[in-house]
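Student: Fold the stuff below for me.
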Amino acid sequence: MHPALLRLWTSRRGNAATEFALVLPVIVFMFAAIVEFGRIFQVYNATNLLASQYAIALAQCSSAQVTTCQTDLAEAATNIAPQLTGTLTLNMFTVTNTSGTLTYTNPYPSGATPTSAQTTAAKNVVIIYGQTGVLVTATYTHTLIFITLLTPYLSKYLTPSYTVVQANS
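Tutor: Take a look at the predicted model:
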């Protein structure tokens, strides 16, 4: 074998650069995944907190009308969960227990009807006869920033939804 070719074959001068080139994409992917999963957990917590705060604001409102509490609700959204900048969907109802039967009034948005999951959640909370409460469901659609390729695989985790039932005080 030619001496120059032999020296090139046995040289170790590019080993560190080659190893770095192989390891760098893995490290960058792991860092991006950690950031994305942290954002997903943050969105889960913010959605849950926002649904709870909306329910508390509505339950403490002097009127059962959702439209009269818009100031409290707007403050709750901007002060509690400003990071929820994507698609936030709210469903709210006034729940009244009349002789053991739950009735839903004052829907927001108007014309909305409670889903089976919302009805089940309302039945699981003890609202005594003659008492009213509120039912709030907050659903947020989260989008990934760094690893958009994983969106089809994580789609069921990117739309957290929480239902909160709060009795009026």
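Student: for the longest helix anywhere in the chain, packing partners?
Tutor: Longest helix in the chain, counting residues (DSSP state H): helix 15-60. Here helix 15-60 is seen to pack against helix 70-80, strand 87-98, strand 132-141, strand 161-167 when contacts are counted using 3 or more CB pairs under 8 Å, 6 or more residues apart in numbering; DSSP states H and E. For glycine as for every other residue, the C-beta is placed from the backbone atoms N, C-alpha and C.
Student: Off-centre distance for it?
Tutor: Computed by CA atoms, centre = their mean, to the nearest Å, the chain-centroid distance of helix 15-60 equals 12 Å.
Student: between that helix and strand 161-167, how many degrees?
Tutor: Put simply, helix 15-60 runs at 30 degrees to strand 161-167, going by axes from the mean of the first three to the mean of the last three CA atoms, to 10 degrees.
Student: mind giving me a markdown table with the helices and strands packed on helix 15-60 and columns for mean neighbour count?
Tutor: A markdown table is the format used below for those (neighbours: other CB atoms under 10 Å):
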| stretch | mean neighbour count |
| --- | --- |
| helix 70-80 | 14 |
| strand 87-98 | 18 |
| strand 132-141 | 23 |
| strand 161-167 | 20 |
